[in-house]
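*Asks:* model this:
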Amino acid sequence: MGGMVTIIISLDSLTLTGDYNFHVDVEDDPDARAFLDLLTSMGLKQDVNVPTHESSHMLDLMITREHDLVIFCVPVADRPHMDHTSVFCSPNITKPDCATKIIRYGRLRAIDFDALCQDVEK
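*Replies:* Numbering: from 1, shown residues only. The predicted model follows:
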């Protein structure tokens with residue numbers, strides 16, 4: 001657990017996804033409450049807010065930092081014979097601006113190739 005805490009603390013941006021098997025939608029589930037309290041104590045939050053399992057529970061979670069914005073998480077029923085649904089999430093990520101680079105070069109026709117060859121031979 002110490003290694004996991006070190007990773008969580010050291011990363012600026014963090015997204016953890018998976019089937020956690022905690023019924024985080026059940027208010028009086030002590031294990032789920034302890035799990036959510038642990039996330040909160042580490043500055044994390046759980047972003048999925050709809051059932052992802054055929055038993056109408058939220059088991060498949062997306063965990064991010066408290067300050068990270070996730071626009072929405074939507075379950076997608078794409079596998080008819082599975083008991084879990086996939087979850088589509090849209091993180092609020094902005095594309096960085098492209099840097100403009102100015103490249104200056106000399107005119108090739110202005111090069112004295114005989115002088116260049118003599119300089120290279122020296």
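*Asks:* Excluding chain neighbours, what is closest to the most centrally placed residue in the chain?
*Replies:* Closest residue to the average C-alpha location of the chain: Thr15 at 4.4 Å, with C-alpha atoms, centre = their mean. Using C-beta to C-beta, 6 or more residues apart in numbering and skipping residues adjacent in sequence, the residue nearest Thr15 is Thr64, 5.4 Å away. In this view, the C-beta of every residue, glycine as well, is placed from N, C-alpha and C.
*Asks:* Buried residues of the lengthiest helix in the chain, list them for me.
*Replies:* If you go by DSSP state H, the chain has its longest helix at helix 30-41. Residues of helix 30-41 classed as buried: Ala32, Phe35, Leu36, Leu39 (neighbour count, 16 or more other C-beta atoms under 10 Å).
*Asks:* quick one: the residue nearest to the centre of the chain and Ile103, what's the gap?
*Replies:* Distance of Thr15 to Ile103, computed by C-beta to C-beta, to the nearest Å: 37 Å.
*Asks:* quick one, what contacts Arg109?
*Replies:* If you count contacts by C-beta atoms under 8 Å, 6 or more residues apart in numbering, Arg109 has none.
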